[in-house]
Structures are given as C-alpha cells and as structure tokens.
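Engineer: Predicted model, plus sequence, below.
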Amino acid sequence: ELIRRELPMLAEAAHTVAGNQVRVMGTLGGNLCQESRCLYYNQKHDYQFVEPCYKRSGDCCFPFPGNDQNVCWAVYMSDIAPVLIALDATLEILGPVGTRELAMAELFTGDGMNPFTLEASEIIQAIIVPPLPERFGWGYHKTTVRGGLDFGTAIIVIALQMAEDGETCSWAKIIYGAVGQGPLRPTTTETSMENAALDPALLAVAASQEISPLPHHGFNKGYLRENIRVYTERSLVQAIERAQGKN
C-alpha cells in the first residue's frame, strides 16, 4: 500500500512482472539482476545446433553473426530497472569489504555477456528512492505477446516535472527497456524537453529515431521502433496530464 501511494509508477511496473506466484516470491533485486535473454542462448543445448555462443564460452554471436564488435547482443528485459532509473534510485551494494552506493543507471555495462557492474561477491542490499517532486508526471507501458506471464517486447517509461505555469516542462526522462543490452535513453530528446512546451507526437518521433532498438525474439528493428514511437507518444500524454493534475 505504501509503494502504491508514494511510488505509483513502480507499483504499476511491478504488477506487470510475470504472474502472481512469481511476484509473491520474487524480489526487486532479483528482477534487476536477471540474466539477459537471447533466442539462441535460451534454447536447450540439444537445439544449439551450431556451436557455443559467447555466453557459453564460444567465439561468435549467432543471432548477429556479421557483427564486428565481438560482443554478446543478448537483451536485458527487467520491467523494474527503467522505472528505477527514471526515479533516480540509488542501489546499496553489499560486498566482502562493506557497502557502497551505486546510481541505478550505473548498474549496467552495455554488454549482453556480462550485463552488470556488480562483482561476483556483491549483492543488492537496498534500493533508495527519493521523494517525488511536485507537479510530477509519469507514463509506463509494457508491450507483450501475451496478456501476462511474459517478458516485454518493449518497455517505455516517462518521468517529468512540469513548471509552475503548468505548460512547460522543467525536466524529463525517457527510458526504454527490453530493446537493448541495458536500458536505453534518448538523451538529446530529453535535453530538448527542458524548459520547453511539449509536443508528444514530435518528441515520440525524435526519441524513437534517436535510439537503435536491438531486434530480438522475432521482432525486427522496424517493428520495435514503431512500437516505441506509438507508446512514447501515449505515455508522454499520460505523464503530462498527471503532472497537470488532470489524470
């Protein structure tokens, strides 16, 4: 009840995680530290008919065999991570030599093979979220193939604060999940929203063109980009209305 009242965006995102049984038994730290996913890597060994990929000590990324960067392109699919980045959360990390704090956005390496900056002996002990500011608005959308019990095809998170005049935006954050090796942000679009009146349709086009969604699980880049454009616009409208007290 406390989370639903104080951090409704986090409550909504948590409600989209898996199903009831998983939500009852799971933890936020577990959702954040879930392994990245790949259609090739997640098959049974019998069906990996070529040879091991990077994540199985091989020397190739088979879903993207032509890439010349020698990296694993597995996709990170946490429902919660984009929201905690938008909320400026800080992680308290516990390890053998004590605790340290880590900004939520700094948890990720951008490499699908080793997606986290945590050491092998470290765990997330606590998550610290600052209070929401006045005139705060948010939008959240998770596209899935099924209605539930599913990883996201794309996750869109908007957080913003409107100025006192109610018409211009003081700052905004746009975070995308399930379309990259870690959460993605269209930072140029975010900067353009500062101290400006917002046009959700134009901003959605700019944001969707700024990032490069990673094709995964049968969804190509064109589909993911259009999905992001459509739901970024809708989520922006929702966030603005909430910040203005209309929703």
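Structural biologist: Perfect, I can see it now. Residues are numbered from 1 along each chain as shown.

Engineer: Using PDB, write out the CA atom coordinates for the helix or strand of the chain with the lowest mean pLDDT.
Structural biologist: In the chain, no helix or strand scores lower on mean pLDDT, DSSP states H and E than helix 20-25, which sits at a mean of 75. Extracted C-alpha coordinates of helix 20-25, given in PDB (Å, rounded to 0.1, in the frame of the first residue of the first chain):
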ATOM      1  CA  ASN A  20       1.100 -13.800  -9.200                       C
ATOM      2  CA  GLN A  21       3.300 -16.600  -7.900                       C
ATOM      3  CA  VAL A  22       6.500 -15.000  -9.100                       C
ATOM      4  CA  ARG A  23       5.500 -11.600  -7.800                       C
ATOM      5  CA  VAL A  24       4.800 -13.100  -4.300                       C
ATOM      6  CA  MET A  25       8.100 -14.900  -4.100                       C
END
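
Engineer: Report the buried residues of it.
Structural biologist: Judged by neighbour count using 16 or more other CB atoms under 10 Å, helix 20-25 contains no buried positions. Every residue, glycine included, has its C-beta placed from N, CA and C.

Engineer: from the chain's centre, how far out does that helix sit?
Structural biologist: 20 Å (CA atoms, centre = their mean, to the nearest Å).

Engineer: What lies in contact with it?
Structural biologist: With CB atoms under 8 Å, 6 or more residues apart in numbering as the test, helix 20-25 has contacts from 14-15, 17.

Engineer: Looking at the residues you listed, state which has the most neighbours.
Structural biologist: residue 17 (20 neighbours; other CB atoms under 10 Å).

Engineer: The contacts of helix 20-25 in helices, which ones?
Structural biologist: 14-15 (DSSP state H).

Engineer: how about JSON lines for the contacts of helix 20-25, with pLDDT and distance to residue 168 added?
Structural biologist: Below are those laid out as JSON lines (pLDDT from 0 to 100; distance: CB to CB, whole Å):
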{"residue": "14", "pLDDT": "89", "distance to residue 168": "31"}
{"residue": "15", "pLDDT": "88", "distance to residue 168": "32"}
{"residue": "17", "pLDDT": "84", "distance to residue 168": "35"}
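
Engineer: which among the contacts of helix 20-25 gets closest to residue 78?
Structural biologist: Nearest to residue 78 out of the contacts of helix 20-25 is residue 17 (CB to CB; 8.8 Å).

Engineer: Who are the contact partners of that closest one?
Structural biologist: Going by CB under 8 Å, 6+ apart, residue 17 touches 23, 26, 31, 79-80.

Engineer: do you know how far it is from residue 77?
Structural biologist: To residue 77, residue 17 is 11 Å away according to CB to CB, to the nearest Å.

Engineer: Could you do residue 59 as well?
Structural biologist: Separation of residue 59 from residue 77 (CB to CB): 25 Å.

Engineer: Mind checking which of these two has more residues around it?
Structural biologist: Comparing residue 59 with residue 77 by neighbour count (other CB under 10 Å), the higher total belongs to residue 77, at 23 against 9.

Engineer: Could you double-check that the more buried one sits in contact with residue 152?
Structural biologist: Yes: Residue 77 is within contact range of residue 152, at 5.9 Å (criterion: CB atoms under 8 Å).

Engineer: Select the longest helix from the protein.
Structural biologist: Max-length helix for the chain by DSSP H is helix 221-243.

Engineer: What number of residues are in the vicinity of the residue nearest to residue 221 when sequence neighbours are not counted?
Structural biologist: Distances taken as CB to CB, 6 or more residues apart in numbering put residue 215 closest to residue 221, at 5.2 Å, once the chain neighbours are dropped. For residue 215, the neighbour count with other CB under 10 Å is 17.

Engineer: From the contacts of residue 17, which one has the minimum pLDDT?
Structural biologist: Lowest pLDDT within the contacts of residue 17 is found at residue 23 (79).
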